[in-house]
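Visitor: the sequence and its predicted three-dimensional model are supplied below.
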Amino acid sequence: MKIGVIGLGFVGLSLTSVLASKGKDIVGIDVDDEKCANIKKGISPFFEPELKKLLKIGLGKKLKISTDFSLIKNSDIIFVTVGTPQRSNGSIEISMIKSAVKDIGKILKNDKKNPIILIKSTVTPGTMQEIILPIIEKESRKKAGKDFGLISNPEFLQESTAIRDTKFPHVVVLGGYQTRYMKKAEKFFSEIHPNIPIVITNHQTAEMIKYANNSFLATKISFINQLSNICQKIPGANIDDVAKTIGLDPRIGKLFLNAGPGYGGSCLPKDMKALINFANRVGINPTLLNAVEHTNNKQIQNIIHLIEKTLGSLKNKHITILGTAFKPDTDDIRDSISIELIKKLLAKKVTLTVYDPKAMKNTKSIFKEKIRYADSISHSLKNSQCMIIMVHWKQFEKINDNSINIMKRKFIIDCRRVLSGKKLNSNYYAIGIGKA
Ligand code: UGA
């Protein structure tokens, strides 16, 4: 069986590496020359635990990486994993996916194989039926369901656990018509993921499931963040105990109830905006989704309020930010709340020093000489008047009284309650814990 993957971002490269490491005959295609050249050498374009190891194993087997689209000819399965970035009105930009499926259509025209094309890219309901399918049929002069299979196959992997999630997804969703291609796809996935539920539905529902999933996760986060703000006003109240306990109710579940500075990253904020935009377009006023987004946007103000309450005017104050990635175990800073905070503090003329175990290079590429970059926690805290922990990196748990001795003022705002169990000799505020 020959497999092609188009688009080597988090989803595409993780999938390619996992399948290649199992010895599958697979080709990964991307338009970016430099990215492909690096991947061929075993260098991943981003940090993701376990990815490098699997990529190397795959490269030692049958994995090919190329910018040459024609290599997908004669594939049995083609995955489309290109990005669908956000437009300024919140809707998604689908030019990359249009261009990818146009190229697939052209190749299909003279292809003897009858491949199954699986669209993993996140697209709003109706996109497959109204845009993708007509493009491929027009370019290939072939018929979906007869000459080739076309299936919506949304992805649920999380960055930082992308490899584990690719190997062991909690569900496989296959959306499309009940054809022989659907049966083949079901067989393919049940072989690589035995015992994992496979949901077979139509295109529109599969597309909607993806947005339902991410918007529900965002709702859980905004819910707990709002409750954490209330807890903060109750001396001694602790949001983690609240979350842990309600999480024991199986109807609620314990995951995604970690209060913090708000959800960031390249997916939840974008998908929330796209779903809100879509709902409005179909004539539904998405009151709950709007509130979730509004709550998320406001969360950063709580942090700024806490700093100003203690430091007064922030002009020329020296503040340290620990963690710039959008979450731990990644170097990804796209739509990171920490990056947002840095921008807001720079506008208030703060002198900023930042430290992140993995995301320094990406952070430098945005702020250049506007902020200072430390190479360790202790270096970042020298003469600082406030430390803000934005991301729960494991190594931040080691911070103790010795580490903060070099601060000019021992004032800590802990947005992830990393140090809440320690009694540090400091003026300590944690998001979600009422100061007694
Ligand atoms: C998210 C979804 O979790 C994946 O299921 C989905 O496949 C992916 O988007 C996507 O659409 O591609 P990801 O963007 O990697 O995955 O990040 P998450 O782990 O969901 O975290 C998003 C943000 O929420 C982060 O800023 C994180 O710190 C925050 N978060 C998460 C919280 O503040 N509290 C929590 O309890 C969980």
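Guide: Right, received. Where do you want to start?

Visitor: okay, CA-based contacts and neighbour counts for the rest of this
Guide: Will do.

Visitor: measure the one residue in the stretch 251-400 of the chain that gets nearest to the ligand to residue 155 for me?
Guide: Of all residues in the stretch 251-400 of the chain, residue 256 sits closest to the ligand, at 3.1 Å by Cα to the nearest ligand atom. Distance, residue 256 to residue 155, by Cα to Cα, to the nearest Å: 18 Å.

Visitor: have a look at these two and say which one is more surrounded.
Guide: For residue 256 versus residue 155, the count of surrounding residues by other Cα atoms under 10 Å is larger for residue 155: 19 against 16.

Visitor: check contacts around the more buried one.
Guide: Counting by Cα atoms under 8 Å, 6 or more residues apart in numbering, residue 155 touches 11, 120, 121, 122, 210.

Visitor: list the contacts of the closest residue to the first one other than its chain neighbours.
Guide: If I follow you right, that is residue 11. Distances taken as Cα to Cα, 6 or more residues apart in numbering put residue 81 closest to residue 11, at 6.4 Å, once the chain neighbours are dropped. When contacts are counted by Cα under 8 Å, 6+ apart, residue 81 touches 5, 6, 7, 8, 9, 11, 12, 119, 120, 121.

Visitor: the same query, at a cut-off of 7 Å, please.
Guide: Residues in contact with residue 81 (Cα atoms under 7 Å, 6 or more residues apart in numbering) are 6, 7, 11, 12, 119, 120, 121.

Visitor: same check on residue 419?
Guide: residue 397.

Visitor: I'd assumed it was in a helix, is it?
Guide: No: under the criterion used here (DSSP: H, G, I helix; E, B strand; the rest coil), residue 419 is coil, not part of a helix.

Visitor: ok, now how distant is it from the ligand?
Guide: Taking Cα to the nearest ligand atom, to the nearest Å as the measure, residue 419 falls 17 Å from the ligand.

Visitor: contact residues of the chain facing the ligand?
Guide: Proximity of the chain to the ligand, by Cα under 6 Å from any ligand atom, involves residues 155-159, 214, 221, 256-260, 262-268, 326-327.

Visitor: quick revisit: with neighbour count, pLDDT and secondary structure as added columns, please give the contacts of residue 155 in JSON lines.
Guide: Below are the contacts of residue 155 laid out as JSON lines (neighbours: other Cα atoms under 10 Å; pLDDT from 0 to 100; DSSP: H, G, I helix; E, B strand; the rest coil):
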{"residue": "11", "neighbour count": "24", "pLDDT": "97", "secondary structure": "helix"}
{"residue": "120", "neighbour count": "21", "pLDDT": "98", "secondary structure": "coil"}
{"residue": "121", "neighbour count": "23", "pLDDT": "98", "secondary structure": "coil"}
{"residue": "122", "neighbour count": "25", "pLDDT": "98", "secondary structure": "coil"}
{"residue": "210", "neighbour count": "21", "pLDDT": "98", "secondary structure": "helix"}
